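Visitor: Quick one, fold the following:
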Amino acid sequence: MSSKIKEQIIGTEYSEIMQKNYIDYAMSVIVSRALPDVRDGLKPVQRRTLYDMSELNIRHDRPYRKCARIVGDTMGKYHPHGDSSIYDSLVVMAQDFKKGQILIDGHGNFGSIEGDGAAAMRYTEARLHKITEDAFLSDLDKNTVDFVPNFDETEREPEVLPVKIPNFLINGSEGIAVGMATSTPPHNLREVIEAEKAYLKNEDITTEELLEYIKGPDFPTGGIVVNKDDLKDIYEKGEGKIKLRGRVIVEDVKGGKQNLVVTEIPYTMIGAGIGKFMSDVASLVESRKTADIADISNQSDKEGTRIVIELKKGADPENIKNLLYQKTRLEDTFGVNMLSVCHGRPETLGLKEILASHAGFLYEINTRKYTELLRKDREKREVEEGLIKAVDVIDIIIAALRGSKSRADAVECLMTGNTEKIKFRREEDALLAQNFAFTERQANAILDMRLHRLIGLEIEALLREHDETLKRISEYEDLLNHSESMKKAIIKDLDRYSKEFGRDRKTEIINAGAAVFEEKPIEETDVYFLMDRFGYAHTVDTATFERNEEAAKSENKYCIPVKNTGRIMLFTAAGQAHLIKVLDVPHGKFRDKGKPIDNISNFDSTKEEIVFIEDLDKIIRMKLLFLTKKAFGKMVDGSEFDVLKRSVAATNLSEGDGIILISPVTDETRQILLQSKKGFFLRFALEEIPEKKKGAVGVRTMKLSEGDSLENAYLMNYADERTIEYKGIDLPLTYVKNTHRDTKGTKIRV
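Guide: The predicted structure follows:
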């Protein structure tokens, strides 16, 4: 290059640039992708998909078209953010279990309420639903909304659709933006329209009065809203929590038994929630929260939801129903946050504000619609008046046309009466033609008129048509000049949509107290806690253990007799004590695998090592001896571990230390023999180790040389004849002479 571009360096604060760019990004996501507009209740991807289908002329009375075609066309023209987001939104708009009013008529596999996904877009087909054509797209050609350039300015798309029903409330919405989220429940179309009409008739109406029309959310899955009294506050603020329950009925079956049947699920359970619910019910049985449930099965089909819970004879169905509400997602919370884009910015709106925003939008689109219709009919009136006048002087007009050399000359003659460029056969025709005073539009219409319009019947039809045009012009002027007339027209449209597309409410709105489950007292029995070397634990009854005692002891690392209502305490080398409720351990047959101990306690087998495990009721009555690698020891009264917490510190350890032994001490235990890693042995009276609190470090039991650590310890009486194996030889416990605590001990050489 002949000349260098002058560099320009702008000094600025990095944090300011980041803040500005992040705000721009956040607003782009909020307004252009994640949140619906309060006017049409649609997110941009939904709006663009519906508009594209309208442009492709995929009407409700036309054949279905492949979803892949719709998605590809939408992505190429209007929404360049990936095909998955477009197809996902298309699918949701066709799912009657997610939307209060579906907007797309889907053909093929569009997923299920149980969480099955839709088939790939190349297999499914779709077309617009009738209400979408009538209430969402019908007036796009009447200048009702502004059109803006698409992403590459090669097409134009509507800024908002001219939706004539409060879709934001009817279909609800869910979306996550940057730093905010929207969650609006669906409502009943008929009720929402009645509320909108009530607002149009009285703009000072209160939220409480509006709730006489809108009873509350109306979820497509039905269910029961149980906090009716909270709805006024929720709809005032536009946020809150709705408590929702599934509907459960009791069915009598043979043998005097009864079944609980879930016929409607909470809206929040759509998808994987049904499988999770069935798993949770099974867990209630496994954890012995109830023994009254015999089986659960999902018998749902295209006719509706049917989850059957079989109860044992004599079970109280109402009590079990309350248990399900209390312990599973059969009772759930729907978080309401009616956030939408209003006047170009995100805003949380109450019920009245939402209806007011849409009512204002209805006035706007209807004003623009009737202004456009009035303009067109005034042009039509002008043409019709010209044609009617032309019929009376048609002979003169024909004479002028025959004498014209060009269309421009003929138009000029018709508009101004200028006959200089026209050759008339008769002088009187020229004189009469000088009286012509048609407008340009009338002149062109006369030139375009076909001769068959001169037939008597056609002239009569033209006169009738002109009368109809004048009548419509009068109606449009009345609508545009009188707000009451416009209001009546809007209400008339709303009534038509309510009558044609309204349906009965599915969700019941009541006040109900918290579900109370009266737990039956558990009959206390003796069981055995079994845990194998892989950490899988379960319990069996005493008779089962005694029949399989030899196998149980050989196949399991721990076999502990306990009460089924008891507790087990597990001590780790890291100095932690973990409490396990026996009721949390699965009870079953001898060959059952059980559950990992990690799943029923705070113990982590990947980081911790078990040192001692025992029935807590026994531990409470014991004295426990603690010994660590650094040779610190203490006696602890077992009652200190009678706690309710799932985990407590069993002792205080210095850095790098760890427990090597926790052992109960009996009255017969008199001495202890310590063995270090380097082969030093120390034997002394057990009474030299003092009793301390569990939070204490303890006393030093043996002097260790650098690099040495305590490896083993043996509790014994004065005349213990046991021997231990040490480096291949049998060493009697009494071989080491009896000394005192906190000495180095004797080096045993082999």
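
Visitor: quick one: contacts for D139?
Guide: Residues near D139 by Cβ atoms under 8 Å, 6 or more residues apart in numbering: P162, I365, K369. (Each C-beta comes from the backbone N, C-alpha and C, glycine too.)

Visitor: ok, now I396?
Guide: D429, L432, A433, F436.

Visitor: Check which helix or strand it maps to.
Guide: Here I396, judged by DSSP states H and E, is contained in helix 394-402.

Visitor: what mean pLDDT does that helix have?
Guide: Across helix 394-402, the average pLDDT comes to 87.

Visitor: With stretch 502-513 instead?
Guide: pLDDT averaged over stretch 502-513 gives 92.

Visitor: Same check on stretch 698-717?
Guide: For stretch 698-717, the mean per-residue pLDDT is 92.

Visitor: Tell me where the stretch 551-700 of the chain has strands.
Guide: 558-563, 567-572, 576-581, 595-596, 610-615, 623-628, 632-637, 647-649, 659-665, 671-676, 680-685, 699-700 (DSSP state E, counting those that start in this stretch).

Visitor: mind checking the longest helix of this structure?
Guide: Determined from DSSP state H, the single longest helix within the chain is helix 351-392.

Visitor: Enumerate every residue touching I249.
Guide: I249 makes contact with L260, V261, T263, according to Cβ under 8 Å, 6+ apart.

Visitor: Please identify which helix or strand holds it.
Guide: strand 247-252.

Visitor: hmm, back to that, and the contacts of I396, which is closest to K98?
Guide: Of all the contacts of I396, F436 has the smallest distance to K98: 65.2 Å, by Cβ to Cβ.

Visitor: Backbone dihedrals for the closest one, both of them.
Guide: Phi and psi for F436, reported as degrees, to the nearest 10, are phi -60, psi 140.

Visitor: Pretty sure it sits against E412.
Guide: No: in this structure, F436 is not within contact of E412 by Cβ atoms under 8 Å, at 9.6 Å.

Visitor: How about I193, nearest residue that isn't a chain neighbour?
Guide: Excluding its sequence neighbours, the residue lying closest to I193 (Cβ to Cβ, 6 or more residues apart in numbering) is S498, at 4.4 Å.

Visitor: My reading is that T419 lies in a strand. Confirm?
Guide: No: assignment of T419 by DSSP: H, G, I helix; E, B strand; the rest coil gives coil, placing it outside any strand.

Visitor: neighbours around it, how many?
Guide: Residues contacting T419 under the criterion other Cβ atoms under 10 Å number 21.

Visitor: Roughly how far does D73 sit from I104?
Guide: The spacing between D73 and I104, counted by Cβ to Cβ, to the nearest Å, is 15 Å.

Visitor: who are the neighbours in contact with S300?
Guide: Contact partners of S300, counting by Cβ under 8 Å, 6+ apart, are I113, E114, I274, R306, I307.

Visitor: Now with 10 Å, please.
Guide: For S300, the residues meeting the contact criterion (Cβ atoms under 10 Å, 6 or more residues apart in numbering) are S112, I113, E114, V262, T263, I265, I274, R306, I307, V308.

Visitor: Could you give the number of residues near E608?
Guide: 18.

Visitor: where do the helices sit along the stretch 401-550 of the chain?
Guide: Ranges of helices in the stretch 401-550 of the chain, per DSSP state H, counting those that start in this stretch, are 407-416, 427-433, 440-448, 456-481, 483-501, 542-547, 549-555.

Visitor: Which one of these has the poorest average confidence?
Guide: With a mean of 84, helix 427-433 has the lowest mean pLDDT of those.

Visitor: Which other helices and strands does that helix contact?
Guide: In terms of contacts (3 or more Cβ pairs under 10 Å, 6 or more residues apart in numbering; DSSP states H and E), helix 427-433 is packed against helix 394-402, helix 407-416.

Visitor: From the contact counts, what lies against the last one?
Guide: Packed against helix 407-416 by the contact rule (3+ Cβ pairs under 10 Å, 6+ apart) you find helix 394-402, helix 427-433, helix 440-448.

Visitor: what comes up buried for that helix?
Guide: D409, A410, V411, E412, C413, L414, M415 (16 or more other Cβ atoms under 10 Å).

Visitor: Any chance you could list what contacts that helix?
Guide: With Cβ under 10 Å, 6+ apart as the test, helix 407-416 has contacts from 386, 390, 397, 400-404, 406, 418-422, 430, 433-434, 436-440, 442-444, 446-447.

Visitor: hang on, the earlier thing: now distance to M121 too, for the buried residues of helix 407-416, in JSON lines please.
Guide: Converted to JSON lines, the buried residues of helix 407-416 look like this (distance: Cβ to Cβ, whole Å):
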{"residue": "D409", "distance to M121": "60"}
{"residue": "A410", "distance to M121": "57"}
{"residue": "V411", "distance to M121": "54"}
{"residue": "E412", "distance to M121": "59"}
{"residue": "C413", "distance to M121": "61"}
{"residue": "L414", "distance to M121": "57"}
{"residue": "M415", "distance to M121": "57"}
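
Visitor: What is the burial count for R425?
Guide: By other Cβ under 10 Å, the residues close to R425 number 9.

Visitor: okay, now the nearest residue to it once chain neighbours are set aside: neighbour count?
Guide: Ranked by Cβ to Cβ, 6+ apart and with sequence neighbours excluded, the top spatial neighbour of R425 is A399, at 6.7 Å. Number of residues near A399 (other Cβ under 10 Å) recorded here: 21.

Visitor: tell me the domain ranges of the protein?
Guide: By the assignment in automatic domain parsing, the chain contains the domains 42-162, 247-329, 357-501.

Visitor: Out of these, which is the most enclosed?
Guide: Highest mean neighbour count among those (mean count of other Cβ atoms under 10 Å): domain 42-162, with a mean of 18.

Visitor: List just the one of the helices and strands packed on helix 427-433 that sits closest to A291.
Guide: With Cβ to Cβ as the criterion, A291 lies closest to helix 407-416 of the helices and strands packed on helix 427-433, at 96.7 Å.
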